[in-house]
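**Q** Show me how the following folds:
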Amino acid sequence: MLRTERLVLDLPVEADTELVARYCADPLFLKYLTTPWPYTVDHARAFLTEYVPVAWRSGDELTWAIRRADDAPLLGVVGLRRGNEIGFWLGAEHRGDALMAEAVSAVCEWTLGGGVPGAESVLWRANEGNLASAHVARAAGFRRTTPRIATVPGRDGRILAAWHAERRAEVESDAFASWEPILGGAV
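**A** Numbering: from 1, shown residues only. Okay, here's the model as predicted:
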């Protein structure tokens, strides 16, 4: 469990099924995420009761539920995949209040503060055009990078153009400015 000023990050559980199903039916998920489409209650239940606990045990992906308080309703999730790549989503009605940047920062600080032994950085990538995700990454202290091959796998197996970034324990001095080509200089 992780805590921030406004949030509790804990284990997503079966009781979150209806909210996960509702949030993941957002058309933006079709455009930018690799979740099944159309997303159903059965997908949500399998994610919460099968994928999340197995992935935690294996270390393949550590997934936290984002909540405003202990036992409060789910707002979204943030996950850290093997290789220290972060992914996240937030229910539409909870966007716009910097909650995701706060949650992502907490996971990065935990990871780079010893939560994942030997971790030197956390990686982020998103489909090119996913401005909301890029804003979160910038706000959480990621520095945009340009790898030789800037891609991300799509839902159907196609390889899509992507943006990439990296976060270290100490936010790099050029991190904010690195986003200017795609986000401009405004916050």
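
**Q** what about residue 158, neighbour count?
**A** 8 (other C-beta atoms under 10 Å). Where C-beta positions appear, they are placed from N, C-alpha and C, glycine not excepted.

**Q** er, residue 116 actually
**A** If you count neighbours by other C-beta under 10 Å, residue 116 ends up with 17.

**Q** All the strands of the chain, residue numbers only.
**A** Here the chain has its strands, by DSSP state E, at 2-3, 8-10, 61-67, 74-81, 85-90, 122-127, 143-145, 151-153, 159-167.

**Q** nearest spatial neighbour of the most centrally placed residue in the chain, skipping sequence neighbours?
**A** Closest to where the C-alpha atoms of the chain average out (C-alpha atoms, centre = their mean) is residue 88, at 2.0 Å. Once flanking residues are discounted, residue 88 sits nearest to residue 78: 4.2 Å by C-beta to C-beta, 6 or more residues apart in numbering.

**Q** Is that neighbour in contact with residue 9, as I believe?
**A** Yes: taking contacts as C-beta atoms under 8 Å, residue 78 lies within contact range of residue 9: 6.9 Å.

**Q** Lowest average confidence across helices and strands of the protein, where is it?
**A** strand 151-153 (a mean of 89; mean pLDDT, DSSP states H and E).

**Q** In terms of secondary structure, what does it contact?
**A** Helices and strands touching strand 151-153, as assessed by 3 or more C-beta pairs under 8 Å, 6 or more residues apart in numbering; DSSP states H and E, comprise strand 122-127, strand 159-167.

**Q** Which strands or helices does the first one pack on?
**A** What it means is strand 122-127. Partner elements for strand 122-127 (3+ C-beta pairs under 8 Å, 6+ apart): helix 27-32, strand 85-90, helix 131-139, strand 151-153, strand 159-167.

**Q** what about that strand, average pLDDT?
**A** Computed over strand 122-127, the mean pLDDT rounds to 97.

**Q** likewise stretch 131-140?
**A** Rounded mean pLDDT across stretch 131-140 is 97.

**Q** Can you say which of the helices and strands packed on strand 122-127 is nearest to residue 50?
**A** strand 85-90 (18.0 Å; C-beta to C-beta).

**Q** got the angle between that closest one and strand 159-167?
**A** 100 degrees (axes from the mean of the first three to the mean of the last three C-alpha atoms, to 10 degrees).
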